[in-house]
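# quick one: sequence plus predicted model below, questions after.
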Amino acid sequence: MKKIFTLILSLATVSTVLAGGPMTNSNQSAAFLRSIARGTTLDTDAVYNNPAGTAFMADGWHLGINNQMAKQTRTINSTFAPFAMGAGNNGQASKEFKGEVFSPLIPSVHLTWKKNRWAVMLGMGVNGGGGSLEFDNGLGSFERQFSVLPMGVSNLGQAFGLSANQYAMDMYLKGSSQTLAFNAGVAFRITDWLSAAAMVRYSTTSNAYEGYMKNIQINPTCAALGLNGAMMSAPQFFQAVGAQLGAVNPELAAAAGQYAALTSDHILDVEQTGTSISPVLALYFQKGKWAASAKYEFKMATELEIKSAEVSAKDPVINGIFADGSKVKAETPALLAIAASRECGPVKITAEWHYYFDKDAENSFSSCIEGNTQEYLVGAEWQISKKWLVSCGVQRTQLDMNENAYSDMNFSTSSWSTGIGAAYQVCDLVRINVGVMPTFYEEVTSVGQDSNGINFTDLYDRTSTAWGIGLDFKF
């Protein structure tokens, strides 16, 4: 029983597989993709990146409309000796599990009204998630639990000649997640060189998870029970064994009945929703060719309520973990961002630092986190003519996590991101931004043992590329 329950309990972490993990989604505009370090910008995306800086904009209305597209993959190469008994694994102890996502619509909108020393701003963006991740063949942590069934059957029936050496099952998992954040705030220019801003951020999260574990089979051999080694339904096998052993060994028969229920088909169809309200405070300094900013985003203390479809709510195994109406923590950590820039003729160079207070946030990564995440960003913008601006940037994201505590449903790795793109001034009132940002993740190896003491090794890898286009309006 314990081995199978390990699988069911592992499903709990699927709830935040696409919630962003320890990293906040900071790419809130096409301009970010092309230059990355945006902490001192006075463009329309200052609403997110430099809210206090809006008080230094030109008087009038400033509107930015952006959309991004992103393609991501998550690949887990898992090695576990019992995988060799899988009917479709060709005798191999290693197996690849891959999830893919393409998100064609990741919008953001930024609006500022500036008058004299005051600015009022509104913003909307995807703070986390923004797509659907699909694993057509399930995940290794799922299969590991069932791959030991032949060994368990052989141990169970050794005394009366019962054995098995093969298993099969169908698995599928799809998770979609999106956290929309709406910001509203004001900025005030205290002096000719200093301004401050305060914002309120309202976020709404909507997650959906679909999947199944079904058609679980084994190939038992036992002359006394008329079993010849052909593949058969695992729940039917355990039901038959339970009936045969009912009078001889009631305890073993009861255990077989429980295994029959656990190896039956299970359908996952669950939604999670929740909201949070949190403040944002910021400062901006500008004097001569120098500028600097500081921003503190308070923790988003989101709590998600689970809503199960009838097929999952009536399944005692699924509902035992995803209890309909229950709640789970999905907090986004607080963020401190500090930036400084200098103009060198037509070139502006910006350096930035992000510090995420991961250890103070309760979410699915809490058991892995050993220290807080830090990011280092550098970007450059070159105004090569009145119409054209080109830019590039780089970002280093450094995690501090216990990699051996990862699961294939819940992992994140340190990475490098590079951005490049351009802006074109169509006229005095309209500018177009385009950018692309590939991210290069470090491969991570996690080792562990299952509940039977069998070693496994998981090699985690990710890829990600984002493209974006945006329009800036001034009127």
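Nice, thanks for sending it over.
# now residue 47: phi and psi?
In terms of degrees, to the nearest 10, the main-chain angles of residue 47 are phi -50, psi -40.
# what is the neighbour count of residue 266?
If you count neighbours by other Cβ atoms under 10 Å, residue 266 ends up with 21. (C-beta placed from N, C-alpha, C; glycine too.)
# likewise residue 251?
8.
# ok, now residue 327?
Residue 327: 12 surrounding residues under other Cβ under 10 Å.
# spit out the contact partners of it.
Neighbour list for residue 327: 274, 303, 304, 305, 306 [criterion: Cβ atoms under 8 Å, 6 or more residues apart in numbering].
# report the two of those separated the most.
By the measure Cβ to Cβ, 303 and 306 form the most distant pair in those, at 10.7 Å.
# most surrounded residue in the contacts of residue 327?
Neighbour counts for the contacts of residue 327, by other Cβ under 10 Å, peak at residue 306, which reaches 23 neighbours.
# so what pLDDT did it get?
Per-residue pLDDT puts residue 306 at 91.
# quick check: it vs residue 223, distance?
Separation of residue 306 from residue 223 (Cβ to Cβ, to the nearest Å): 48 Å.
# in the stretch 251-400 of the chain, which spans are strands?
According to DSSP state E, counting those that start in this stretch, the stretch 251-400 of the chain carries its strands in the segments 266-287, 290-297, 303-308, 327-329, 335-344, 347-356, 373-383, 388-398.
# can you list the strands that the top strand by length along the chain pairs with?
If you go by DSSP state E, the chain has its longest strand at strand 194-218. Strand 194-218 has the following strand partners under DSSP bridges: strand 167-189 (antiparallel), strand 232-233 (antiparallel), strand 266-287 (antiparallel).
# and these: which comes nearest residue 298?
Residue 298 sits nearest to strand 266-287 of all the strands paired with strand 194-218, at 4.4 Å, using Cβ to Cβ.
# pull the CA atoms of that closest one into CSV?
Provided in CSV are the C-alpha atoms of strand 266-287 (Å, rounded to 0.1, in the frame of the first residue of the first chain):
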residue,chain,number,x,y,z
HIS,A,266,-8.1,7.4,-12.1
ILE,A,267,-9.2,10.6,-13.9
LEU,A,268,-7.8,13.9,-12.8
ASP,A,269,-10.0,16.9,-13.6
VAL,A,270,-9.4,19.7,-11.2
GLU,A,271,-9.4,23.5,-11.2
GLN,A,272,-7.9,25.9,-8.7
THR,A,273,-8.7,29.6,-8.3
GLY,A,274,-7.6,32.3,-5.9
THR,A,275,-6.8,36.0,-5.5
SER,A,276,-4.6,38.2,-3.5
ILE,A,277,-4.0,41.9,-2.8
SER,A,278,-0.5,43.3,-2.0
PRO,A,279,1.2,46.7,-2.1
VAL,A,280,4.2,47.9,-4.1
LEU,A,281,6.5,50.8,-3.0
ALA,A,282,9.1,52.5,-5.2
LEU,A,283,11.7,55.3,-5.4
TYR,A,284,13.4,57.0,-8.4
PHE,A,285,16.4,59.2,-8.6
GLN,A,286,17.5,61.2,-11.6
LYS,A,287,20.3,63.8,-11.9
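# list the buried ones in that strand?
Buried residues in strand 266-287, counted by 16 or more other Cβ atoms under 10 Å: 266, 268-272, 274-276, 278, 280-286.
# can you check stretch 174-191 too?
Within stretch 174-191, the residues scored as buried using 16+ other Cβ under 10 Å are 174-183, 185, 187, 189.
# can I get the residues you listed in CSV including pLDDT and distance to residue 161?
Listed next are the buried residues of stretch 174-191 as CSV, based on pLDDT from 0 to 100; distance: Cβ to Cβ, whole Å:
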residue, pLDDT, distance to residue 161
174, 88, 42
175, 85, 44
176, 85, 48
177, 84, 50
178, 86, 55
179, 89, 56
180, 93, 61
181, 95, 63
182, 97, 67
183, 97, 69
185, 98, 74
187, 98, 80
189, 98, 86
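# turn the residues you listed into CSV, columns for distance to residue 214.
Compiled in CSV, those are given as follows (distance: Cβ to Cβ, whole Å):
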residue, distance to residue 214
174, 15
175, 18
176, 21
177, 24
178, 28
179, 31
180, 34
181, 37
182, 40
183, 44
185, 50
187, 55
189, 63
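# show me which pair in those residues is furthest apart.
Greatest spatial distance among these (Cβ to Cβ): 174 and 189, at 48.7 Å.
# give me the distance between stretch 254-265 and the centre of its chain.
33 Å (Cα atoms, centre = their mean, to the nearest Å).
# and residue 404, what is it in contact with?
With Cβ under 8 Å, 6+ apart as the criterion, the residues that contact residue 404 are 446, 447, 448.
# helix, strand, or coil at it?
helix (DSSP: H, G, I helix; E, B strand; the rest coil).
# what about it, distance to residue 32?
Separation of residue 404 from residue 32 (Cβ to Cβ) stands at 33 Å.
# and residue 203, by the same measure?
Counting by Cβ to Cβ, the gap from residue 203 to residue 32 is 19 Å.
# the two: who's more crowded?
A side-by-side neighbour count of residue 203 and residue 32, using other Cβ under 10 Å, places residue 32 first with 31 against 19.
# hang on, that one packs against residue 435?
Yes - using Cβ atoms under 8 Å, residue 32 is in contact with residue 435, at 7.3 Å.
# overlap in contacts of those two?
Common neighbours of residue 32 and residue 435 (Cβ under 8 Å, 6+ apart) are 419, 468.
# quick check: phi and psi at residue 29.
phi -170, psi 160.
# one more: residue 428?
With angles defined as degrees, to the nearest 10, residue 428 sits at phi -60, psi -30.
# look at it and say how many residues are nearby.
By the criterion of other Cβ under 10 Å, residue 428 has 8 neighbours.
# how near is it to residue 58?
11 Å.
# okay, now residue 359: neighbour count?
There are 15 residues near residue 359, going by other Cβ under 10 Å.
# that should have said residue 86, apologies.
Counted with other Cβ under 10 Å, the neighbours of residue 86 add up to 21.
# returning to that earlier point: between the longest strand of the chain and strand 303-308, how many degrees?
The directions of strand 194-218 and strand 303-308 differ by 30 degrees, with axes from the mean of the first three to the mean of the last three Cα atoms, to 10 degrees as the criterion.
# identify each buried residue in strand 194-218, please.
For strand 194-218, a neighbour-count test (16+ other Cβ under 10 Å) marks 194-197, 199, 201, 203, 205-213, 216-218 as buried.
# tilt between that strand and strand 290-297?
Relative orientation of strand 194-218 and strand 290-297, computed by the same axes, to 10 degrees: 50 degrees.
# helix or strand right after strand 194-218?
Downstream of strand 194-218, the next assigned helix or strand under DSSP states H and E is strand 221-222.
# so what's residue 456 up against?
78, 79, 80, 140, 144, 447, 448, 449, 450.
# those residues in helices, which ones?
Judged by DSSP state H, helices contain the following of those: 140, 144.
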